[in-house]
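Q: Structure for the following, please:
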Amino acid sequence: MPNSYLAIPTFSDFRQILDPARYHALPDDWYVGIADIVASTEAVAQGRYKAVNMAGAAVIAAISNTLGHSAYPFMFGGDGASFACAPEQIDKIRIALGATRRWTRENLGLELRVALFKMSEIRAAGRDVRVARYAVSDAVSYAMFSGEGVHWAEAQMKAHSDHHVSSAPPGAQPDLNGLSCRWSSITASNDGSIVSLIVLPTDNRAAFDAVVNDVLYLLDEDPRHAHPVGENGPLFRFPPAGLTLEALASRPLGGSLFVARAKVILTAALAFILDKTGWKLGAFDPAHYRRYTALNTDYRKFGDALFMTVNCSAKQLDDLEQILTRAEHENSIQFGLHRQKTAIMTCIVPSVLNDAHFHFLDGGEGGYSAASAAYKAKRRARDNAKTAQTPQAASPVAPL
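A: All right, here's what the predicted structure looks like:
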């Protein structure tokens, strides 16, 4: 059966995320999946950034190894993921997701929550899920989502458990082949900051689009469009900071963690030598691989809101906050922003000999989780202020 997702034309100008014509409706019988880490804010506050990101990327890896990489729409969210799949694949997906829930709990000590919703149900609730394909390179495109259906599904997952995917029995192991996190942290340049940004629409979509255009125009003043990763790719660290996490992902069912760690160390040592010397190994060219790592990084995306992990100078950040704060006061948008000094990368690399490898970027000291927490704190403060300003009904006077 032809893959309707891969039939969607790609585009390479990021500004076209705002063009409704780029988005195509998912069929009614497709499923939309949402995954997130319960209490991720607390885990991030404890410094467990890499583990939280690894759990979110594990969802994508498990599904990718079931369906095929690039064969379905997905979006990495820092502490989770969103995706969609055809009905004929749903039984295999449930098994992969159940195993990933179990693996995340047993290996990372985190509680992964996953839910599946039929598109017909989302549309019956007055929402939609429309998908576009933004090509970051000639080898990789990432899905963009619109229609408020993903946002609705996430809220439903958090409020009710009837759509949740059950965890697999103890010891279950998903196929996480290719999941890794070997690159060094990416550091902000000069006086700048790595900014994790979430910009959400209000009821005025035209005003939201105008603000997003202003944000993109500001960041496009930078030749790299505020991309945190240099065009030659990130730096390679040895031993990799995520060594144990990668060993946990690659360890076979019942296998030794010591042996898995040793294999990761040996592979990483070889990669480190090739990276530093520039030597090629057969068809593997380390310089070419690093360039495509930069190209294939998802540092900006759209999923019912704008999500960005960008490198901003002090002046850019000043201007950015002015644009966003003014627009928020005008009720054109809502936003959450978190600044930090580093970004971290979590990767899915099916093969180092193929350019279709995927790199998920998040802030290194809070990232999207902290930006979301900042947005929610402002929303609670506004709601409390409105409640305080609402006149209370007069209390009945007690009879004498």
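Q: Going by C-alpha atoms from here, please, whenever you check contacts or count neighbours.
A: Will do.
Q: just checking, next helix/strand downstream of the helix or strand containing Y134?
A: Secondary structure from DSSP states H and E places Y134 in strand 130-135. For strand 130-135, the following helix or strand on the C-terminal side (DSSP H and E) is strand 141-146.
Q: Quick one: work out the angle between that next one and strand 130-135.
A: Counting by axes from the mean of the first three to the mean of the last three C-alpha atoms, to 10 degrees, strand 141-146 lies at 150 degrees to strand 130-135.
Q: Does anything pack onto strand 141-146? Which helices or strands?
A: strand 74-76, strand 130-135, strand 300-302 (3 or more C-alpha pairs under 8 Å, 6 or more residues apart in numbering; DSSP states H and E).
Q: partners of the helix or strand just after the first one, with directions?
A: Downstream of strand 74-76, the next assigned helix or strand under DSSP H and E is strand 80-85. In the sheet containing strand 80-85, the strands it pairs with under DSSP bridges are strand 31-37 (antiparallel), strand 74-76 (antiparallel).
Q: Using JSON lines, please lay out these together with mean neighbour count, distance to L218 and mean pLDDT.
A: Converted to JSON lines, these look like this (neighbours: other C-alpha atoms under 10 Å; distance: least, C-alpha to C-alpha, whole Å; pLDDT from 0 to 100):
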{"stretch": "strand 31-37", "mean neighbour count": "24", "distance to L218": "31", "mean pLDDT": "96"}
{"stretch": "strand 74-76", "mean neighbour count": "24", "distance to L218": "25", "mean pLDDT": "97"}
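Q: Look at the spatially closest residue to A61 that is not a sequence neighbour and tell me its secondary structure.
A: In space, and not counting its chain neighbours, A61 is closest to L176: 5.4 Å by C-alpha to C-alpha, 6 or more residues apart in numbering. Following DSSP: H, G, I helix; E, B strand; the rest coil, L176 is assigned to coil.
Q: swap in G47?
A: Each residue gets one of three states, and G47 gets coil by three-state DSSP.
Q: Quick check: phi and psi on it?
A: Dihedral angles of G47 (phi, psi; degrees, to the nearest 10) stand at phi 80, psi 20.
Q: Identify the residues contacting it.
A: Going by C-alpha atoms under 8 Å, 6 or more residues apart in numbering, G47 touches E365.
Q: is it true that W279 touches A287?
A: No: counting by C-alpha atoms under 8 Å, W279 sits too far from A287 to count as a contact (9.0 Å).
Q: So for these two, which sits in the more crowded spot?
A: Shown here are W279 and A287; by other C-alpha atoms under 10 Å, A287 has more neighbours (17 against 13).
Q: what helices or strands is the longest helix along the chain leaning on?
A: When the chain is parsed with DSSP state H, its longest helix is helix 367-389. If contacts are counted by 3+ C-alpha pairs under 8 Å, 6+ apart, helix 367-389 sits against helix 40-45, strand 193-201, strand 333-340.
Q: Tell me which of these lies nearest to A294.
A: Closest of these to A294 is strand 193-201, at 15.8 Å (criterion: C-alpha to C-alpha).
Q: just checking, next helix/strand downstream of that closest one?
A: As assigned by DSSP H and E, the chain's next helix or strand after strand 193-201 is helix 205-219.
Q: so what's R94 up against?
A: By C-alpha under 8 Å, 6+ apart, the residues touching R94 are V165.
Q: Can you tell me how far it is from G149?
A: 20 Å (C-alpha to C-alpha, to the nearest Å).
Q: before we move on, what about A283?
A: Noted for A283: a distance of 43 Å to G149, by C-alpha to C-alpha.
Q: what does D222 give?
A: 33 Å.
Q: Name the residue in these two with the higher neighbour count.
A: Remark: of D222 and G149, G149 carries more neighbours, 24 against 14, as counted by other C-alpha under 10 Å.
Q: contacting residues around the more buried one?
A: Per C-alpha under 8 Å, 6+ apart, neighbours of G149: I122, R123, R127, D128, V129.
Q: Next, S70: secondary structure please.
A: Going by three-state DSSP: S70 is coil.
Q: and it, how many residues sit next to it?
A: 18.
Q: Next up, phi/psi of it, please.
A: Per degrees, to the nearest 10, the backbone of S70 is at phi 70, psi 0.
Q: Let me know the pLDDT of the residue nearest to A61.
A: Per-residue pLDDT puts L176 at 95.
Q: quick thing: my sequence starts at 659, can you match it?
A: Sounds good: first residue 659 from here, last item L834.
Q: Tell me if I'm right that it and A907 touch.
A: Yes: between L834 and A907 there is a contact at 5.8 Å, judged by C-alpha under 8 Å.
Q: Looking at the two, which has the bigger crowd around it?
A: Set L834 next to A907 and count neighbours by other C-alpha under 10 Å: L834 wins out with 27 against 24.
Q: if I pick that one, what's in contact with it?
A: By C-alpha under 8 Å, 6+ apart, the contact list for L834 reads A716, A719, A720, N723, A907, S908.
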